[in-house]
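A.B. asks: sequence and predicted structure, then a few things I'm wondering about:
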Amino acid sequence: MYIMNKLFITSALIASALFCTAQTVNDGLLYGQQDDLYGTARYRALSGAFGALGGDLTAMGQNPAGSVIFANHFASFSLANSNNTNNSIYFDGLATAESSDLDINQAGGVLVFKAVDGSPLSKFAVGFNYDATRSYDNNVFLAGNSTTSISQYFLNNANGFSLDNFETQPGETLSSLYQFLGENIGFDAQQGFLGFQSFIIDPVNPGDPNNTQYVSATGTGSFNQGYEVISSGSQNKISFNLAGQLYDKWSFGVNLNAHSLNYSRFTGFREVNSNTDATTTGIEFRNELNTTGNGISVQVGTIGKITESLRLGATYESPTWYTIEETLVQEISANRRNGAPVDVIPNIINVYAPYDLRTPGSLTGSIAYIFGTAGLLSLDYSTKDYSNLEFSPKNEPAFADNNAQIMQQLDRAATLRVGGEYRIDNFTLRGGFRTVESPYKNKEIQDDYTGYSLGLGYTWGSTNLDVSYDYADRNYSQQLFPTGLTTRGQVQNEKTNVAVTLGFNF
């Protein structure tokens, strides 16, 4: 790869700014879109089609009525290995990046109690479950030759700011000026400062402190570029469950969910040129974003036993209300044609004020048919309106603009999941299929997500061992920067997972 290795800042000052102006619609979906297949191996093997079935701890987190379907007290934990392969096209360049991770991605238990004889309440259940609902571990690499330089990004941010904002004064350091700009003027000014101090852009009138217009120092022609994204972290959900069953037919339940997320993203951009009119010929721009967040949501659901074989289910999941905190570290290096290399390393951690994100709620309808002890077929259909995704405080201009873009770009999206089981003595064969619609109105930004799954279960005594394999793919476009260099590379993402679950009846 062309990008320099990730740099770890061992000593840094901390700067605070009012709000980060760099959040995008994509960032909202990064925390608000959950279309990964996760949870127990049995749940994965059926592609998550469990809304009318229950009897699985991850399924309990999908439809809270599912916990009371268990015949006994039950506990399980799961391990999963996830692999991502990203094949990209950026102008004339082809590239591939891969990543993998192994995690304990599910653990929980449920206690089931039979009610007293003669009561309409047949039984009730109390459950707890942890699921890693999304893995952020992923690598993407783009490389190719462009006719647009990253200098356009710095120009768009710098134009309009006076040169006086970008030049250090006596007794002032690069770090202190970068910090001052972040705390008092904003993110745009910091980007203009980095471009000026690294000689990527030059003022039109160098001797005028009131100059507000800048020009590129990278010349015109072709630019060989590489862009790498290395992300890690996860989204997690802990469900506290209470469910009951009436007359052995109607099950109902409620979940109180605690959500958490931790996300780290390193982006490294490299550009070189041999343009005759360029005074700066090489650039490396590095950013490290770290995000943490916590949220809550509520689910209510029911499962009806219509006949001995037919089951119907319905679930409502409320929006998730997140509070999110972010930090950002930036560095830039440049090579000049007639000068020494330049490193602008502010050693500042930008700490942004917490903000709120409301993700959309969802509705799910489910149907299942049980073939006695031989097997089953199940189908779920869910819908979620992503135009309800919302940043707040809404009166902050950057968030108001994001919310307006969300309304323009995002739409309602549906998910279809189909799964089945077939039992042979102590073994169970499983399979499933799912398709997830893109939340974008423009499918070129992000296409629909499709996948299939397979699994095998074995039961001996009070113990269950389940194994699953699932595959899914999606095409999407990766935008390099929000302004200036807005070219999108095309990425084909392929994800495979292998999960193992050990469960115990007691």
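C.D. replies: Perfect, I can see it now. Numbers count the residues shown, from 1 in each chain.
A.B. asks: every contact and neighbour count from this point should use C-alpha atoms.
C.D. replies: Will do.
A.B. asks: tell me the secondary structure at the closest residue to Asp92 other than its chain neighbours.
C.D. replies: The spatially closest residue to Asp92, leaving aside those adjacent along the chain, is Gly144, at 5.4 Å (CA to CA, 6 or more residues apart in numbering). In three-state terms, and counting by DSSP: H, G, I helix; E, B strand; the rest coil, Gly144 is strand.
A.B. asks: identify the bridge partners of Gly144.
C.D. replies: Gln225 (DSSP bridges).
A.B. asks: wait, isn't it in contact with Ser222?
C.D. replies: No - applying CA atoms under 8 Å as the test, Gly144 and Ser222 come out as separate, 10.1 Å apart.
A.B. asks: re the thing from before, and the residue nearest to Asp92, how far from Phe269?
C.D. replies: 12 Å (CA to CA, to the nearest Å).
A.B. asks: what residues are shared contacts of those two?
C.D. replies: 225-226 (CA atoms under 8 Å, 6 or more residues apart in numbering).
A.B. asks: so what sits against both of Gly144 and Ser222?
C.D. replies: When contacts are counted by CA under 8 Å, 6+ apart, the set common to Gly144 and Ser222 is empty.
A.B. asks: can you tell me the SS state at Gln179?
C.D. replies: The local conformation at Gln179, judged by three-state DSSP, is helix.
A.B. asks: point out where the stretch 301-450 of the chain drops to low pLDDT.
C.D. replies: The model of the stretch 301-450 of the chain has no residue with pLDDT under 70.
A.B. asks: thinking again about what came up before, so for Gly144 and Phe269, which sits in the more crowded spot?
C.D. replies: Set Gly144 next to Phe269 and count neighbours by other CA atoms under 10 Å: Phe269 wins out with 23 against 18.
A.B. asks: in a strand, the more buried one, correct?
C.D. replies: Yes - counting by three-state DSSP, Phe269 is found in a strand.
A.B. asks: thought it was touching Gly282?
C.D. replies: No - with contacts counted by CA under 8 Å, Phe269 stays clear of Gly282, the gap being 10.7 Å.
A.B. asks: so how far is Ala107 from Thr428?
C.D. replies: Distance from Thr428 to Ala107, by CA to CA: 22 Å.
A.B. asks: more crowded one of the two?
C.D. replies: Legend: neighbour count by other CA under 10 Å for Thr428 and Ala107, higher for Ala107 (23 against 18).
A.B. asks: would you confirm that the more buried one contacts Ser76?
C.D. replies: Yes - between Ala107 and Ser76 there is a contact under CA under 8 Å: 5.8 Å.
A.B. asks: Ala368: what's it in contact with?
C.D. replies: Ala368 makes contact with 52-53, 310-312, 376-379 under the criterion CA under 8 Å, 6+ apart.
A.B. asks: could you report the pLDDT at the residue of the chain most remote from its centre?
C.D. replies: Residue farthest from the centre of the chain, counting by CA atoms, centre = their mean, is Gly118 at 49.0 Å. In this model, Gly118 is scored at 78, pLDDT.
A.B. asks: likewise Asn5?
C.D. replies: With respect to pLDDT, Asn5 has a value of 42.
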